[in-house]
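> Need coordinates for the following:
(one chain, ligands or ions: 1)
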Amino acid sequence: MKVRFIFPMWPKIPQQTPFTLPPLGVIQAAACVPEEHEVTLADENVEPVDLGEKADLVGISVMLTSQAPRAYELAEAFRARGRTVVLGGQHVTLCPEEALLHADAVVVGEGEGLIERLVLDHEAGRLRKLYRRDGHVDLSTIPLPRRDLLDKRRHYTQRGWEMVDLLQTSRGCRFNCYPCSVSWLEGGVQRMRRIEDTLADVERCGERIFLVDNSLDQDLAYQRELLGALAGSGKRWISHPIHPDEFMMKLARDAGWWYVYLAIYKINEQVRDRIRMYHDHGIAVEGTIMLGVDYHTEGFIRELIDFLLKIELDLAEFTVMTPFPHTRCWEQLEREGRIIDRDWSHYNAATVVYRPASIAPERLQDLYAEAWEAFYGMESQTARMGKLLLATLKTSGRRRRGPGGGG
Ligand code: SF4
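Numbering: from 1, shown residues only. Coordinates of the predicted model:
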């Protein structure tokens, strides 16, 4: 049987550098297909999807809510050509009834175990509409993602540099932050992958990795063990924050950490000190700044932008708060009747789709554009990112050659 996976096009934040990272969820799903079947993959973000290509089963991965309209369009187009279409991924788990309107079957929840069963059922001619998992998988049982399906040289390079590979070391989060659906999707307990499994996956990645775990800083013992293991891999890696003390910072730097995504909500000395600490350890900092929380007045947003310009962030990514389904944000705004736009293609974190509490929607949209302009007015994001990449390429060489190897 031939199984074709599709990762649909999704609308990028217009102000961002236009590069595409190799996807992870869809290759994790592809790894679940029993090996006797032929598996192919098309990422529409880097190549057109051939609707006419023969396939016994088409699996469309809908990671992002803003990807859903295009995913449904593709699903309908494949079905019109007689293909059997399955939809899965995070947005499908958030809104299964909606997805069911566009597919022959949907996978709801983590796909491992379900996808294998679905493929068997389809082969036997007894495909069901709904494959749902209640609860969560044991990460020691999941296969390694099919990284071989991605043509990195051809599709995932920027000016000749291979993009980072995405890698997950855990799932779930014990926090339940206001705009985030991770604990709803993956559970309120962090489940760690076994270190040996993570390392086996690391070995299959290129030189630079992005640990996509949204919150690594939940279990100190695990963080130490992970950093110890990564240190031997020789790879350079990006992540969200780890535990911010001197010991962990040094351990992480020596293990190849070079770049952190840091959510910044406040204007205070603690934020300034944290960024200084990262820089003192040679870690570049990209701030992720969400605008439009209820206490964000126009005055506060202007003050925040000024503050960000002073604290020497290497890069900044501005977004507007977005009420993704099954977040506390969505529950509140829905309850208060403040959601004004339900077109999922606008849920790209760059479009105001709700009525903010302290400012008009149009004004927030303008301030969002001004924030990008203020931060990158002097030097573009592409130029800044290029410098950071060059710096890490030089140090990657040093790490490969080892101490005293020059570079
Ligand atoms: S934002 Fe990060 S820390 Fe908060 S719930 Fe989501 S994953 Fe957890």
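> for the stretch 51-200 of the chain, which spans come out with low pLDDT?
Within the stretch 51-200 of the chain, no range satisfies pLDDT under 70.
> for the ligand, what are the nearby residues on it?
173, 175-177, 180, 182-183 (C-beta under 6 Å from any ligand atom). Every C-beta, even on glycine, is put in place using the N, C-alpha and C of the backbone.
> Rebuild those as TSV, extending it with neighbour count.
Output for these, formatted as TSV (neighbours: other C-beta atoms under 10 Å):
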residue	neighbour count
Cys173	22
Phe175	13
Asn176	13
Cys177	15
Cys180	19
Val182	20
Ser183	21
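> Spell out, range by range, the strands that occur in the stretch 251-400 of the chain.
Using DSSP state E, counting those that start in this stretch, the strands of the stretch 251-400 of the chain run over 257-263, 284-291, 315-320.
> which helices and strands does the last one pack with?
Meaning strand 315-320. Strand 315-320 is packed against strand 284-291, helix 361-376, helix 381-401, with contacts defined by 3 or more C-beta pairs under 8 Å, 6 or more residues apart in numbering; DSSP states H and E.
> Then the longest one?
Under the contact definition 3+ C-beta pairs under 8 Å, 6+ apart, strand 284-291 sits against strand 257-263, helix 269-280, helix 298-310, strand 315-320, helix 361-376.
> residues contacting the residue in the stretch 1-150 of the chain that the ligand sits nearest to?
With C-beta to the nearest ligand atom, the shortest gap between the stretch 1-150 of the chain and the ligand falls at Gln90, namely 12.5 Å. By C-beta atoms under 8 Å, 6 or more residues apart in numbering, the contact set of Gln90 is 25, 62-64, 181, 185.
> quick revisit: looking at the strands of the stretch 251-400 of the chain, which is closest to Leu139?
Leu139 lies closest, by C-beta to C-beta, to one member of those: strand 257-263, at 22.3 Å.
> mind listing what that closest one pairs with, with the direction of each?
strand 236-239 (parallel), strand 284-291 (parallel) (DSSP bridges).
> Give me the contacts around it.
For strand 257-263, the surrounding residues in contact (C-beta under 8 Å, 6+ apart) are 236-242, 274-275, 278, 282-290, 317, 388, 392, 395.
> What subset of those residues is buried?
236-242, 274-275, 278, 283-290, 317, 392 (16 or more other C-beta atoms under 10 Å).
> give me the residue from the stretch 301-407 of the chain nearest the ligand.
Closest point on the stretch 301-407 of the chain to the ligand, by C-beta to the nearest ligand atom, is Thr327, at 8.9 Å.
> Identify the residues contacting the closest residue to that residue other than its chain neighbours.
Nearest non-adjacent residue to Thr327, counting by C-beta to C-beta, 6 or more residues apart in numbering: Ser181, 4.9 Å away. Shown in contact with Ser181 (C-beta under 8 Å, 6+ apart): 90, 94, 324-327.
> rewinding a little: between the strands paired with strand 257-263, which one is nearest to the ligand?
Nearest to the ligand, of all these, is strand 284-291, at 10.0 Å by C-beta to the nearest ligand atom.
> Quick check: mean pLDDT of the closest one?
Mean pLDDT, strand 284-291: 95.
> got the angle for it vs strand 315-320?
20 degrees (axes from the mean of the first three to the mean of the last three C-alpha atoms, to 10 degrees).
> Around the ligand, pick out the residues from the stretch 201-350 of the chain.
Within the stretch 201-350 of the chain, the positions lying close to the ligand (C-beta under 6 Å from any ligand atom) are 214-215.
> For stretch 23-41, report the contacting residues that lie outside it.
Identification of contacts with stretch 23-41 by C-beta under 8 Å, 6+ apart yields 1-7, 43, 45, 53, 55, 59, 61, 63, 88-90, 107, 111-116, 119-120, 142-147, 149-150, 166-168, 212.
> how long is it from one end to the other?
End-to-end distance for stretch 23-41, by C-alpha to C-alpha, to the nearest Å: 11 Å.
> which parts of that stretch are buried?
Within stretch 23-41, judged by 16+ other C-beta under 10 Å, the buried ones are 23-33, 39, 41.
> Show me the residues you listed that map onto strands.
39, 41 (DSSP state E).
> quick one, strands of the stretch 101-250 of the chain?
Going by DSSP E, counting those that start in this stretch, the stretch 101-250 of the chain shows strands at 105-108, 130-132, 157-158, 161-162, 165-167, 170-171, 191-192, 208-211, 236-239.
> Show me how far the third one is from its chain's centre.
Meaning strand 157-158. 18 Å (C-alpha atoms, centre = their mean, to the nearest Å).
> May I have the strands that pair with that strand, each with its orientation?
Strand pairing for strand 157-158, determined by DSSP bridges: strand 161-162 (antiparallel).
> most packed of the strands of the stretch 101-250 of the chain?
Mean neighbour count, computed with mean count of other C-beta atoms under 10 Å, is highest for strand 105-108 among the strands of the stretch 101-250 of the chain, reaching a mean of 24.
> In CSV, list the C-alpha atoms belonging to it.
The C-alpha trace of strand 105-108 is given here as CSV (Å, rounded to 0.1, in the frame of the first residue of the first chain):
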residue,chain,number,x,y,z
ALA,A,105,-11.2,9.4,9.0
VAL,A,106,-9.6,11.6,11.7
VAL,A,107,-6.9,10.8,14.3
VAL,A,108,-7.6,12.5,17.6
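> Which strands or helices does that strand pack on?
strand 85-88, helix 90-94, helix 96-100, helix 114-123, strand 130-132.
> again, only this time at 6 Å
strand 85-88, helix 96-100 (3 or more C-beta pairs under 6 Å, 6 or more residues apart in numbering; DSSP states H and E).
> In a markdown table, list the ones you listed along with mean neighbour count.
A markdown table is the format used below for the helices and strands packed on strand 105-108 (neighbours: other C-beta under 10 Å):
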| stretch | mean neighbour count |
| --- | --- |
| strand 85-88 | 28 |
| helix 96-100 | 17 |
